[in-house]
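Student: Fold the following, please.
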Amino acid sequence: MDTRLILIVEDDLAVQEGIADILEVAGYEVLAAGNGQEALAVLQERRPDLIVSDIMMPYMDGYEFYEAVHSQPEWVTIPFIFLTAKGEKEDVRLGKRLGADDYLVKPFEREDLLIAIEAKLRRLEEVQRPALERAEQLEEQLTRAERLALLGELAAEFAHEIKSPVSVITMQAALLQRQLGAED
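Tutor: Alright, predicted model coming up:
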């Protein structure tokens, strides 16, 4: 499978770079943004396979960013993980109530982050696999239908090409028959 692309949305540059280092060493490609507004601009350019977002950020916090992402049909299936210092039970519940796929609290363990990401990407692949297989089947059916349509067009053209000389021969035969008479 291709390298998976992960968008990190984190306003603390040191934390952002630390997460990026962990993910890059694990073999992921990383995009980064400092807040929700910047992240939305990044999403316009490239669609990541997963988003890891802080909650407490300037301009647009993580909750607003999550809502903005999930208001767009083309982004609604992107797995979303909150990674934040907001660790109170109410905060975790709110994040999960919104629909986040996971909620990790800072400070976090490298392994916990990687396990959460791998699990979400694996689940995404499991959900997408049947849809991709069905798309391939439909593409094959479309290709067959296009070939049959082309074959039909060729047959019609061939029939037209044969019909024209036959029509001329039939007309000439009828003319000869009239000129010579029915007995001849």
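
Student: Without its sequence neighbours, what residue ends up closest to the residue nearest the centre of the chain?
Tutor: Nearest to the geometric centre of the chain sits Glu74, at 7.6 Å (C-alpha atoms, centre = their mean). Using C-beta to C-beta, 6 or more residues apart in numbering and skipping the chain neighbours, the partner closest in space to Glu74 is Arg47 (7.3 Å). Placement of C-beta: from N, CA and C, glycine included.

Student: State the mean pLDDT of the longest helix seen in the chain.
Tutor: For the chain, the helix that runs over the most residues, judged by DSSP state H, is helix 110-180. When pLDDT is averaged over helix 110-180, the result is 76.

Student: likewise stretch 77-87?
Tutor: pLDDT averaged over stretch 77-87 gives 87.

Student: List the buried residues of it.
Tutor: Neighbour-count burial for stretch 77-87 flags 78-84, 86 (criterion: 16 or more other C-beta atoms under 10 Å).

Student: Stretch 27-36 too?
Tutor: 28, 30-36.

Student: Export that stretch to PDB, keeping only CA atoms.
Tutor: C-alpha atoms of stretch 27-36 as PDB (Å, rounded to 0.1, in the frame of the first residue of the first chain):
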ATOM      1  CA  GLY A  27       6.800   5.500   7.700                       C
ATOM      2  CA  TYR A  28       4.000   8.000   7.300                       C
ATOM      3  CA  GLU A  29       4.000  11.200   5.200                       C
ATOM      4  CA  VAL A  30       3.100  14.200   7.300                       C
ATOM      5  CA  LEU A  31       1.400  17.500   6.600                       C
ATOM      6  CA  ALA A  32       1.200  20.100   9.400                       C
ATOM      7  CA  ALA A  33      -0.900  23.200  10.300                       C
ATOM      8  CA  GLY A  34      -0.800  25.500  13.300                       C
ATOM      9  CA  ASN A  35      -4.600  25.800  13.800                       C
ATOM     10  CA  GLY A  36      -7.900  24.800  12.300                       C
END
